[in-house]
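A.B. asks: Following is a predicted model, sequence given first.
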Amino acid sequence: MQNPKETKSIKGKVILGLIGGTIGIIAIPLTLTTIGFGPGGIVAGSWASNMMSSTMIANGGTLAAGGYIPMGQSMGAAGVSFATYLGAGGVFSSIGVGIGEIVDKIKKKAKKVHVPKL
């Protein structure tokens with residue numbers, strides 16, 4: 001049988017993993033929209049339009065196919081694939097679990113430190 005403290009630690013990591021995964025899934029469309037890659041294309045005056053303008057000036061008036069601007073434009077207009085959502089959810093849930101592990105190690109080190117009484 002597991003130690004109750006270990007069970008609490010595992011539950012905390014699972015919760016952080018779920019929170020991280022949810023954030024990853026929500027962050028994709030929210031970030032695309034915030035940057036300026038909308039369903040109707042690049043939004044005028046947005047950060048995406050500034051990136052596109054700068055890139056076109058630097059490249060002599062052209063955009064490279066498959067670059068980050070056409071990719072963002074495509075994702076904003078057509079949406080994101082299920083695999084992309086799974087990937088982002090997996091990465092962010094791993095980050096959540098990693099944060100839980102770091103917090104556990106900090107707590108364990110804090111318990112080992114003994115402050116001498118004066």
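C.D. replies: Sure, I can see it. Quantities reported herein were computed from a predicted structural model and do not represent experimental measurements.
A.B. asks: Tell me, please, where in this structure the pLDDT is lower than the cut-off.
C.D. replies: Across the chain, the ranges flagged by pLDDT under 70 are 1-2, 4-5, 113-115.
A.B. asks: Can you tell me which residue is spatially central in it?
C.D. replies: Among the residues of the chain, the one closest to the centroid is G24, at 4.7 Å (C-alpha atoms, centre = their mean).
A.B. asks: Can you show me the strands along the chain?
C.D. replies: Listed in chain order, the strands of the chain (DSSP state E) span 37-38, 41-42.
A.B. asks: and the last one, what does it pack onto?
C.D. replies: What it means is strand 41-42. Judged by 3 or more C-beta pairs under 8 Å, 6 or more residues apart in numbering; DSSP states H and E, the packing partners of strand 41-42 are helix 47-58, helix 68-78. C-beta here means a position set from N, CA and C on the backbone, and glycine is covered the same way.
A.B. asks: For the closest residue to S93 other than its chain neighbours, which residues are in contact?
C.D. replies: Nearest residue to S93 in three dimensions, chain neighbours excluded: G21, at 3.6 Å (C-beta to C-beta, 6 or more residues apart in numbering). G21 makes contact with 89-90, 92-93, 96 under the criterion C-beta atoms under 8 Å, 6 or more residues apart in numbering.
A.B. asks: mind redoing it with 6 Å?
C.D. replies: 89, 92-93 (C-beta atoms under 6 Å, 6 or more residues apart in numbering).
A.B. asks: and A77, how many neighbours does it have?
C.D. replies: By other C-beta atoms under 10 Å, 14 other residues sit near A77.
A.B. asks: how near is it to D104?
C.D. replies: According to C-beta to C-beta, to the nearest Å, A77 and D104 sit 43 Å apart.
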